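Chemist: Pasting a predicted model and its sequence here:
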Amino acid sequence: MPAMAEKKIKVHTRYGKHDGTGKPYVFLSHRKVDNSFIDRVEGDLLRAFDCGVWCDRDSIGFDKWDTEIDRAVRAANLMVLIVTNNTFEMGCYVVEREIPLAQGKIDINGNHIPEGQRHPVPILPIVVEQLTPETEQQMNDNLNRINPLRTDSERYMQDLKKWLDDILMSKTDEDNIRLAVKKFESGDKLSIDEGYYLGLGYLNGLSGVIEKDEKVGADKIIGAAYSGFSAAQLKAGNMFYYGDGVEQDYKRAAELYEKAALKDSAVMCNLGWLYEKGEGVRQDYGKAIVFYAKAAELGNAKAMYNLGLLYDNGECVRQDYQIAAEWYSKSAALGNSDAMRNLGALYYNGQGVSQDHQKAADWWRKAAELGNSNAMNSFGVLYYNGQGVPQDYEKATEWWRKAAALGNFSAMNHLGYSYKYGKGVPQDYGKAIEWYKKAAALGNSSAMNNLGYSYKHGQGVPQDYGKAIEWYEKAAALGNSSAKEQLKKMRG
């Protein structure tokens with residue numbers, strides 16, 4: 001009886017679903033996670049790199065689940081693991097099956113593979129919620145202390161792109177590295193572009209071809225960049241921008257970006273940021289806008305958001321909320337949650353658009369579902385006030401808890417306020433103090449002011465005028481007007 005042909009993995013690409021795309025592809029692993037997190041991470045992967053993504057919810061009807069997972073992991077170039085507080089629970093499928101498969105520790109039948117015979121798939125953990133210390137330890141133990149990416153980090157998408165660029169090397173790059181190594185080993189003189197590919201080989205390593213040596217790789221790539229090879233200029237520019245394999249140097253990053261043939265919208269956006277902030281170059285808002293605009297023309301959502309932010313705040317341009325709303329709308333349509341959050345704020349305040357609390361709620365809900373903690377906090381405020389949504393104190397505190405779990409100090413302060421007045425939760429001055437202190441520790445002046453009030457009146461803590469003044473002073477130092485007024489009253 002002839003062997004049954006192995007079915008191809010059906011993967012998602014930015015162009016839809018395909019079998020056998022020929023692109024590098026990512027196995028997306030998760031456990032008991034909301035679909036919104038899967039959608040968000042899958043979308044981030046596709047935006048960051050031209051790859052395919054397979055997730056077990058994309059199952060196409062294999063007879064055996066284990067066989068399907070094994071085939072998907074073995075065929076992957078990278079496994080991305082969505083991490084929540086239940087990911088590493090004892091005995092779960094991710095821990096017992098998927099991670100060991102990716103690490104090459106077991107075969108399809110669950111049999112142990114000796115260390116010298118393993119062919120691991122790189123694993124990238126992406127943390128989508130604030131983890132408990134226990135989960136952090138479990139993640140370290142199971143993944144050999146791989147540094148995770150965190151979706152609440154400002155550099156999340158930048159770091160994700162860099163990770164994927166390093167791991168999902170194109171077939172063309174691999175072929176060029178092999179040719180450059182072969183020529184180098186034969187003693188022949190290398191051209192500039194061959195020197196670049198040799199450097200790329202050293203930087204990342206290529207199994208069976210060249211050992212990884214980041215310093216040698218960086219030196220060769222930088223040499224090729226200053227010799228005029230545009231691909232090397234872009235790569236070296238990114239290395240200096242992110243401090244990847246070299247000491248971070250914005251000046252050299254800007255220099256190399258400008259030398260390169262700028263066809264990469266992410267590079268243009270980075271260059272715009274350097275000119276906006278004056279990092280490594282003389283601050284030049286005009287150039288910042290030019291580069292942001294060029295990147296935006298190529299569909300870069302971050303550049304669109306940055307342009308909106310400039311017009312929103314009136315930085316280097318005349319403040320114009322209407323233009324800000326236009327740029328935020330374009331960026332939001334491409335999935336930028338920060339743009340969604342700020343667009344919601346414009347609708348909430350009626351700035352540049354007609355005031356519409358319902359539209360504010362719609363945008364904040366979308367951004368919150370993508371994991372944006374500021375939007376979660378704002379959405380909670382709408383539920384608390386009954387603006388654009390029915391008033392519901394319990395839902396308000398639910399959203400504030402989600403935001404607080406991601407480190408949002410405004411949400412922490414709001415939770416303290418809820419406990420103080422018993423709105424959506426049982427009244428509990430002690431818990432109010434706990435949340436105020438968490439928010440204050442992160443620099444929230446309103447929480448500091450609330451602690452001052454609590455110590456002054458003995459709510460949740462023993463009455464202590466000295467500590468009240470101390471907290472009011474801290475809040476006042478951050479510009480809190482209420483705290484300044486209280487200090488005047490207490491000092492006579």
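Modeler: Happy to help now that I have it.
Chemist: For the rest of this, base every contact and every neighbour count on C-alpha atoms.
Modeler: Fine.
Chemist: Can you give me the neighbour number for Ala180?
Modeler: For Ala180, the tally of surrounding residues (other C-alpha atoms under 10 Å) stands at 24.
Chemist: so how far is Glu68 from Asn204?
Modeler: Applying C-alpha to C-alpha, to the nearest Å, the value for Asn204 to Glu68 is 30 Å.
Chemist: correction: Gly386
Modeler: Going from Gly386 to Glu68 by C-alpha to C-alpha gives 48 Å.
Chemist: Looking at those two, which is more packed in?
Modeler: Counted by other C-alpha under 10 Å, Gly386 and Glu68 do not tie: Glu68 has more neighbours, with 18 against 15.
Chemist: tell me the pLDDT at the more buried one?
Modeler: What the model reports as pLDDT for Glu68 is 76.
Chemist: do the same with the one 5 residues further on
Modeler: At Val73 the predicted local confidence, pLDDT, stands at 84.
Chemist: Make sure it is actually in contact with Ile99.
Modeler: No: taking contacts as C-alpha atoms under 8 Å, Val73 lies outside contact range of Ile99: 9.3 Å.
Chemist: Kindly indicate whether Leu124 is helix, strand or coil.
Modeler: State at Leu124, reduced to three classes by DSSP: H, G, I helix; E, B strand; the rest coil: strand.
Chemist: Quick one: residues contacting it.
Modeler: Leu78, Met79, Val80, Leu81, Ile146, Pro148, Leu149 (C-alpha atoms under 8 Å, 6 or more residues apart in numbering).
Chemist: how many neighbours does Gly352 have?
Modeler: Gly352 has 17 nearby residues by other C-alpha under 10 Å.
Chemist: helix, strand or coil for it?
Modeler: Strictly by three-state DSSP, Gly352 counts as coil.
Chemist: name the element Val26 belongs to?
Modeler: Using DSSP states H and E, Val26 sits within strand 25-29.
Chemist: Go ahead and name everything in contact with that strand.
Modeler: Contact partners of strand 25-29, identified using C-alpha under 8 Å, 6+ apart, comprise 11, 42, 51-56, 72-73, 76-82, 94, 98, 168.
Chemist: Can you say which of these are buried?
Modeler: Buried members of the contacts of strand 25-29, counted by 16 or more other C-alpha atoms under 10 Å: 11, 42, 51-55, 72-73, 76-82, 94, 98, 168.
Chemist: In contact with Ala432, which residues?
Modeler: For Ala432, the contact set (C-alpha under 8 Å, 6+ apart) comprises Leu415, Gly416, Tyr417, Ser418, Tyr419, Lys420, Gly460.
Chemist: Would you mind giving me the confidence score for the fourth one?
Modeler: pLDDT for Ser418: 96.
Chemist: so what strands line up beside the strand holding Val26?
Modeler: strand 52-55 (parallel), strand 78-83 (parallel) (DSSP bridges).
Chemist: Next secondary structure element downstream of the longest one?
Modeler: Next helix or strand after strand 78-83 toward the C-terminus (DSSP H and E): helix 93.
Chemist: tell me how far that next one is from the chain's mean position?
Modeler: On the basis of C-alpha atoms, centre = their mean, to the nearest Å, helix 93 sits 26 Å off its chain's mean C-alpha point.
Chemist: where exactly do the helices run in the stretch 151-300 of the chain?
Modeler: Counting by DSSP state H, counting those that start in this stretch, one finds helices in the stretch 151-300 of the chain at the ranges 156-167, 171-185, 192-204, 214-226, 230-242, 250-259, 265-277, 285-297.
Chemist: mind checking which of those helices is nearest Leu442?
Modeler: Nearest to Leu442, of all the helices of the stretch 151-300 of the chain, is helix 156-167, at 20.4 Å by C-alpha to C-alpha.
Chemist: buried stuff in the closest one?
Modeler: Neighbour-count burial for helix 156-167 [16+ other C-alpha under 10 Å]: Met157, Asp159, Leu160, Lys161, Lys162, Leu164.
Chemist: which of the residues you listed sit farthest apart?
Modeler: Most distant of the buried residues of helix 156-167, by C-alpha to C-alpha, are Met157 and Leu164, 10.5 Å apart.
Chemist: Can you find the helix or strand in this structure with the smallest mean pLDDT?
Modeler: Least confident element among the helices and strands of the chain, by mean pLDDT, DSSP states H and E: strand 16-19 (a mean of 52).
Chemist: Quick check: neighbours shared by Met157 and Leu164?
Modeler: In terms of C-alpha under 8 Å, 6+ apart, Met157 and Leu164 are both contacted by the residues Ala48.
Chemist: Give me the lowest-pLDDT entry from the contacts of Leu124.
Modeler: Within the contacts of Leu124, pLDDT reaches its minimum at Ile146, with 81.
Chemist: From Pro148, how far off is the residue lying closest to it once chain neighbours are set aside?
Modeler: Spatially, and ignoring its direct neighbours in sequence, Ile146 is nearest to Asn140 (6.8 Å; C-alpha to C-alpha, 6 or more residues apart in numbering). The gap separating Asn140 from Pro148 is 10 Å, by C-alpha to C-alpha.
Chemist: Which one's more surrounded, these two?
Modeler: More crowded of Asn140 and Pro148, by other C-alpha under 10 Å: Pro148, with 17 against 14.
Chemist: contacting residues around the more buried one?
Modeler: Taking C-alpha under 8 Å, 6+ apart as the test, what Pro148 contacts is Leu124, Pro125, Ile126, Val127.
Chemist: residue ranges for the helices of the stretch 301-450 of the chain, please.
Modeler: So, for the stretch 301-450 of the chain - with DSSP H, counting those that start in this stretch - the helices run 301-313, 321-333, 337-349, 357-369, 373-385, 393-405, 409-421, 429-441, 445-457.
Chemist: Show me what the first one is in contact with.
Modeler: Think helix 301-313. If you take C-alpha under 8 Å, 6+ apart as the criterion, helix 301-313 is touched by 269, 289, 292-293, 295-296, 316-321, 323-328, 330-332, 334-336, 338-339.
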